[in-house]
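**Q** Need the 3D shape of this:
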Amino acid sequence: MAEKSGVYNRHIANPDETAFDLACTALEKLFANQNISKSDIDGIVFVLKVQTISCLQMLF
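**A** Numbers count the residues shown, from 1 in each chain. The predicted structure is shown next:
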C-alpha cells in the first residue's frame, strides 16, 4: 500500500496537539536536518481543511 500511496509513515497527534503543532515540529526537523536557516524563509502557508457532517448527511 505504501508504494501506491507514497505514504510510508503515519503520525498521529496526541490529544493535546493540533495539525499545526505537527507542522511546526516537522518544520523544526526540516531546518535542523537540511541546514536551512529560518531567516532564509520569507513565509510559510499552513492550510487545513476540516469536513463537517450534518445530521441530514448522516441520515442519507
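**Q** Show me what the lengthiest helix in the chain is in contact with.
**A** Secondary structure of the chain per DSSP state H: the longest helix is helix 19-33. Applying Cβ atoms under 8 Å, 6 or more residues apart in numbering, the contact partners of helix 19-33 are 11, 13, 36-38, 44, 46, 48. For glycine as for every other residue, the C-beta is placed from the backbone atoms N, C-alpha and C.
**Q** now it: how far from the chain's centre is it?
**A** Centroid separation for helix 19-33 versus its chain: 9 Å, with Cα atoms, centre = their mean, to the nearest Å.
**Q** picking up where we left off before, among the contacts of helix 19-33, name the ones in helices.
**A** Within the contacts of helix 19-33, no residue falls in helices by DSSP H.
**Q** need these in a markdown table with neighbour count, pLDDT and distance to Ala26, can you?
**A** Below are those laid out as a markdown table (neighbours: other Cβ atoms under 10 Å; pLDDT from 0 to 100; distance: Cβ to Cβ, whole Å):
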| residue | neighbour count | pLDDT | distance to Ala26 |
| --- | --- | --- | --- |
| His11 | 8 | 75 | 8 |
| Ala13 | 12 | 80 | 12 |
| Ile36 | 12 | 86 | 13 |
| Ser37 | 7 | 88 | 17 |
| Lys38 | 9 | 86 | 14 |
| Ile44 | 9 | 86 | 11 |
| Phe46 | 9 | 85 | 11 |
| Leu48 | 8 | 79 | 14 |
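**Q** Which members of those residues are the farthest-apart pair?
**A** Pairwise distances across the contacts of helix 19-33 peak at 27.4 Å for Ala13 and Ser37 (criterion: Cβ to Cβ).
**Q** which regions of this structure sit below the pLDDT cut-off?
**A** Applying pLDDT under 70 to the chain picks out residues 1, 52-60.
**Q** 50 - rerun?
**A** For the chain, residues meeting the criterion pLDDT under 50 lie at 60.
**Q** Which stretches in it count as strands?
**A** Using DSSP state E, no strands are found in the chain.
**Q** which of the contacts of helix 19-33 lies closest to Ala2?
**A** Looking across the contacts of helix 19-33 and measuring by Cβ to Cβ, the closest to Ala2 is His11, at 14.3 Å.
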